[in-house]
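In: here's a sequence, model it:
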Amino acid sequence: MTTVNDIRNIGFAISGGIAGVVVLATSGCGRVTGLLPRWFTYAGFAVGVICIAAVPAVKAGAPQTLLWFLWLLVAGIIALRQARAATAATVPAAMATS
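Out: Numbers count the residues shown, from 1 in each chain. As a prediction, the model looks like this:
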């Protein structure tokens, strides 16, 4: 039974590192394309590095998962706000051409 628990702990630790890689990739893409705000991409680089660096300390209770969830929440808010702005800018232009 302890083997299953150890495997679960290792899986949780590795998932924090993978989340860090995803954050770094998303921030890099957002920075290159300009689709994400500059402050958010820099914050994403910091969160990604922290998530990857905290993998060895996960057993000590490193809070990288909470930091990743906070970054994900802000990413969702940014996505919703940009979608509304794009829709508001598109609708009047579409009505003017009809």
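In: can you pull out the strands in this structure?
Out: Using DSSP state E, no strands are found in the chain.
In: grab the nearest non-local neighbour of residue 71.
Out: In this structure, residue 71 finds its nearest non-sequential neighbour in residue 47, 4.6 Å apart by C-beta to C-beta, 6 or more residues apart in numbering. Every residue, glycine included, has its C-beta placed from N, CA and C.
In: might you list the low-confidence residue ranges for this structure?
Out: Residue ranges of the chain with pLDDT under 70: 59-62, 86-98.
In: what do you get if the cut-off is 90, keeping everything else the same?
Out: 1-17, 53-67, 81-98 (pLDDT under 90).
In: what about the helices in it?
Out: Secondary structure of the chain (DSSP state H): helices at 2-33, 38-53, 64-97.
In: mind putting those helices into CSV with mean neighbour count?
Out: Converted to CSV, these look like this (neighbours: other C-beta atoms under 10 Å):
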stretch, mean neighbour count
helix 2-33, 14
helix 38-53, 17
helix 64-97, 12
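In: only alpha carbons, please: show stretch 63-75 as CSV.
Out: The C-alpha trace of stretch 63-75 is given here as CSV (Å, rounded to 0.1, in the frame of the first residue of the first chain):
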residue,chain,number,x,y,z
PRO,A,63,2.6,26.0,-2.5
GLN,A,64,3.3,26.0,-6.2
THR,A,65,0.0,24.4,-7.0
LEU,A,66,-1.9,27.3,-5.4
LEU,A,67,0.3,29.7,-7.4
TRP,A,68,-0.5,27.9,-10.6
PHE,A,69,-4.3,28.0,-9.9
LEU,A,70,-4.0,31.7,-9.3
TRP,A,71,-2.2,32.2,-12.6
LEU,A,72,-4.9,30.0,-14.3
LEU,A,73,-7.7,32.1,-12.8
VAL,A,74,-6.1,35.4,-14.1
ALA,A,75,-5.6,33.8,-17.5
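In: that'll do, ta.
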